[in-house]
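1. Take this sequence and fold it.
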Amino acid sequence: MSAAEHPRHQLCEDLAHPVRFSLVAAIAGTEESEFAVVRDHLQVSDSVLSRQASQLEAAGIVKIRKGFVGKRPRTWFSLTPQGRATWERHLRALTEIARGAG
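-> Numbering: from 1, shown residues only. Predicted coordinates for the structure are as follows:
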């Protein structure tokens with residue numbers, strides 16, 4: 001083992017929860033994703049997704065945009081620039097850990 005910092009120190013605690021991790025993974029490859037699409041993909045309830053997305057928004061990782069399509073309210077998720085950097089750093093750390101680096 002080298003004296004270099006172990007990759008686990010680069011993990012983001014906000015992404016430790018399985019639903020938050022899955023939410024960020026689901027929207028990372030998109031500019032913006034609709035609430036219902038993400039909810040169905042993650043197979044969670046509205047309340048679970050809403051709660052976890054709000055925590056990610058408070059952490060500056062996810063942007064939540066609300067609006068209307070016709071007269072129906074809609075919610076969309078996107079990663080903030082900080083969120084995208086956090087996600088990429090988190091994935092790099094996981095990869096390094098899985099490879100036995102550090």
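
2. the helices in the protein, which residues?
-> 18-27, 35-42, 46-58, 81-99 (DSSP state H).

3. and the closest residue to His41 other than its chain neighbours, what does it touch?
-> The spatially closest residue to His41, leaving aside those adjacent along the chain, is Ala26, at 5.5 Å (Cβ to Cβ, 6 or more residues apart in numbering). In this view, the C-beta of every residue, glycine as well, is placed from N, C-alpha and C. By Cβ atoms under 8 Å, 6 or more residues apart in numbering, Ala26 lies in contact with 33, 38, 41-42.

4. who touches the closest residue to Glu34 other than its chain neighbours in this structure?
-> The shortest distance from Glu34 to any residue other than its chain neighbours is 5.6 Å, reached at Trp76 (Cβ to Cβ, 6+ apart). Under the criterion of Cβ under 8 Å, 6+ apart, the contact partners of Trp76 comprise 32-35, 64-67.

5. neighbours around the nearest residue to Asp46 once chain neighbours are set aside, how many?
-> If you skip the residues right next to it in sequence, Asp46 has Arg39 as its closest partner in space, 6.3 Å away by Cβ to Cβ, 6+ apart. The local packing count at Arg39 equals 19, with neighbours defined by other Cβ atoms under 10 Å.

6. got a list of what Arg39 touches?
-> 45-46, 49.

7. Now for Thr75, how many residues are close by?
-> The number of residues packed near Thr75 is 18, by other Cβ under 10 Å.

8. That one and Arg84, how far apart?
-> According to Cβ to Cβ, to the nearest Å, Thr75 stands 20 Å off from Arg84.

9. still on that earlier bit, what residues are bridge-paired with the residue nearest to Glu34?
-> Note on Trp76: beta-bridge partners Glu34, Arg65, judged by DSSP bridges.
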